[in-house]
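Peer 1: Okay, sequence plus prediction incoming.
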Amino acid sequence: MSRTAGAGRVRVVVTGIGLRTSAGNSLDDAFDAVLAAKSAAAIVDRLIERDAPVPIGCQVPPFAMEADVSRRELRQVDRPTALALCAAADALREAALPEGLPADRVGVHLGTGIGGLSLMENTALDYGDAPLRMPVHTVPATMANAAAARVALRYGFHGSCLTYCTACASGTTAIGEAARRVRYGELDAVVTGGYDAAITHVLVGGFARMRALSTRVDDPEHASRPFDAGRDGFVIGEGAALFVLERREAALARGARVLGEIAGYASNSDAHHIVAPGPDGVAAAACMAAAIADAGLTPRDIGQISAHGTSTRLNDDAEATAIHRCFAGQAPPVTAVKGVSGHLIGGSGALEAAIALRCAERLVVPPVANLTASDVADRIDVVAGTPRYVTRAPVLSNSFGFGGQNSCLVLTPAG
């Protein structure tokens with residue numbers, strides 16, 4: 001390594017992770033599903049009922065929301081906010097922040113790609129001809145910052161409460177920006193991550209109209225196939241993945257279990273097209289390089305890459321080119337979680353960062369689900385078939401979104 005990652009500055013560690021995702025409702029379950037390359041994609045009944053053009057999705061498996069969100073509160077929030085609240089509860093339980101921590105030193109920074117669109121859609125369909133009968137909580141439930149506000153309200157956190165919207169990079173952006181607040185001493189701890197529930201009639205119709213979705217309706221389990229030569233689009237997912245970040249010194253002083261470190265972060269823009277990535281990968285490669293440099297590392301120090309890997313032809317091809325460019329043709333093994341989880345939109349990057357940390361800890365790179373023949377093998381080493389075991393090293397996690405939004409994290413395992 002060029003030098004110790006994070007040397008000479010405040011180091012930011014993860015002390016809690018909570019998940020409510022299509023891959024599993026805990027990090028253990030989600031990691032096992034990704035390691036087994038077991039896809040969560042299936043036919044979604046409510047999409048069938050509304051005659052959606054592509055009725056495939058990756059849904060969060062049923063669980064008792066009432067354990068973390070009261071029935072009264074469930075009537076006041078939409079599904080993505082409820083998922084975020086449950087994930088936050090798990091993350092905070094694991095972190096066990098000290099009671100004496102000043103409330104104005106704890107913040108909430110969350111990312112979402114679509115906000116309350118699902119509830120807006122249902123409300124418009126149910127009450128469009130009778131607006132005065134709409135539920136009284138319609139506006140506070142559908143506002144884009146509802147989840148962050150609800151987490152802060154529940155726990156009495158008075159630090160900065162921010163919502164980031166950088167399309168499919170939103171969760172990664174939120175984590176990176178939250179880590180900066182801790183690094184620069186503005187906050188002692190932050191609840192951060194991403195969430196979305198995008199399996200809606202409008203989103204499915206819109207993405208289908210763009211020909212962005214896989215149409216393998218007769219074989220949904222094999223529909224999401226990042227970097228595979230036969231990929232024909234992504235599968236919409238849903239979920240929330242939240243972290244608790246804090247200063248390393250404070251975490252160690254109170255005996256907290258450190259799960260890993262947010263060592264580097266960067267974001268930039270392709271400025272190429274509103275939905276298509278820059279095909280030359282120049283901006284995406286620069287974003288990766290900047291995140292690695294922010295961690296005090298060089299590309300040779302990275303042991304594996306968690307790719308954005310949407311399973312769309314243009315995006316996977318552009319990302320492979322960007323990785324090849326950043327690593328000068330010497331990229332480490334690459335995996336992609338969306339083959340299992342589908343595309344969680346704003347929640348994807350946060351889920352992938354959580355899985356990436358676990359992979360770095362277990363010294364393993366999971367195989368990409370449904371990858372049989374890669375058409376990018378000339379540029380990157382995508383893991384297929386069985387897990388690849390590697391030596392201990394930092395991991396790079398990529399997220400790229402509509403509007404040319406690029407965000408990358410470098411994460412290091414605990415210890």
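Peer 2: Sure, I can see it. Numbering: from 1, shown residues only.

Peer 1: Would you confirm that residue 298 contacts residue 292?
Peer 2: Yes - under the contact definition of CB atoms under 8 Å, residue 298 touches residue 292, with a separation of 6.7 Å. The C-beta positions use only the backbone N, C-alpha and C, and glycine is treated the same way.

Peer 1: Which of these two has more residues huddled nearby?
Peer 2: Counting neighbours by other CB atoms under 10 Å for residue 298 and for residue 292 shows that residue 292 has the greater number, 26 against 13.

Peer 1: Okay, buried residues for the host helix or strand of that one please.
Peer 2: Using DSSP states H and E, residue 292 sits within helix 282-294. Burial within helix 282-294, assessed by neighbour count using 16 or more other CB atoms under 10 Å, is assigned to 283-292, 294.

Peer 1: Tell me how far the helix or strand where residue 82 lies lies from the chain's centre.
Peer 2: Using DSSP H and E, the element containing residue 82 is helix 79-95. If you compare the mean C-alpha spot of helix 79-95 with that of the full chain, they lie 14 Å apart, counting by CA atoms, centre = their mean, to the nearest Å.

Peer 1: So for that helix, what gets flagged as buried?
Peer 2: Of the residues in helix 79-95, those buried by neighbour count under the rule 16+ other CB under 10 Å are 79-92, 94-95.

Peer 1: Between all of the residues you listed, which two are at the greatest distance?
Peer 2: Pairwise distances across the buried residues of helix 79-95 (CB to CB) peak at 24.7 Å, for the pair 79 and 95.

Peer 1: can you confirm residue 100 is in a helix?
Peer 2: No - membership of residue 100 in a helix is not supported by DSSP: H, G, I helix; E, B strand; the rest coil, which gives coil.

Peer 1: Please report the number of neighbouring residues for it.
Peer 2: Using other CB under 10 Å, residue 100 has 5 other residues around it.

Peer 1: Also residue 77?
Peer 2: Other residues near residue 77 come to 22 when the count uses other CB under 10 Å.

Peer 1: how about residue 93, what does it touch?
Peer 2: Remark: with contacts taken as CB atoms under 8 Å, 6 or more residues apart in numbering, residue 93 is in contact with 16, 18.

Peer 1: Test for you: state the pLDDT assigned to it.
Peer 2: Residue 93 is assigned 98 on the pLDDT scale.

Peer 1: any idea how far residue 101 is from it?
Peer 2: As judged by CB to CB, to the nearest Å, residue 93 and residue 101 stand 15 Å apart.

Peer 1: what's the distance between the closest residue to residue 44 other than its chain neighbours and residue 66?
Peer 2: Residue nearest to residue 44 in three dimensions, not counting chain neighbours: residue 57, with 4.2 Å by CB to CB, 6 or more residues apart in numbering. When CB to CB is the yardstick, residue 57 and residue 66 sit 24 Å from each other.

Peer 1: So which of the two has more stuff around it?
Peer 2: residue 57 (28 against 11).

Peer 1: My guess is the more buried one contacts residue 46. True?
Peer 2: No - in this structure, residue 57 is not within contact of residue 46 by CB under 8 Å, at 9.1 Å.

Peer 1: got any residues that touch both of the two?
Peer 2: Both residue 57 and residue 46 are contacted by residue 199, under the criterion CB under 8 Å, 6+ apart.

Peer 1: Give the next helix or strand downstream of whichever helix or strand residue 30 is part of.
Peer 2: Taking DSSP H and E as the criterion, the element that holds residue 30 is helix 27-35. Using DSSP H and E, the helix or strand that directly follows helix 27-35 along the chain is strand 42-43.

Peer 1: chain center to the helix holding residue 30, what's the gap?
Peer 2: A distance of 15 Å separates the C-alpha centroid of helix 27-35 from that of its chain, computed with CA atoms, centre = their mean.

Peer 1: how far away is residue 390 from residue 44?
Peer 2: Here the distance between residue 390 and residue 44 works out to 36 Å (CB to CB).

Peer 1: Check which helices and strands the lowest-mean-pLDDT helix or strand in the chain sits against.
Peer 2: Every helix and strand in the chain was compared by mean pLDDT, DSSP states H and E; the lowest is helix 117-127, with a mean of 87. On a contact count with 3 or more CB pairs under 8 Å, 6 or more residues apart in numbering; DSSP states H and E, helix 117-127 meets helix 79-95, helix 138-142, helix 201-209.

Peer 1: That's all I had, so thanks and see you.
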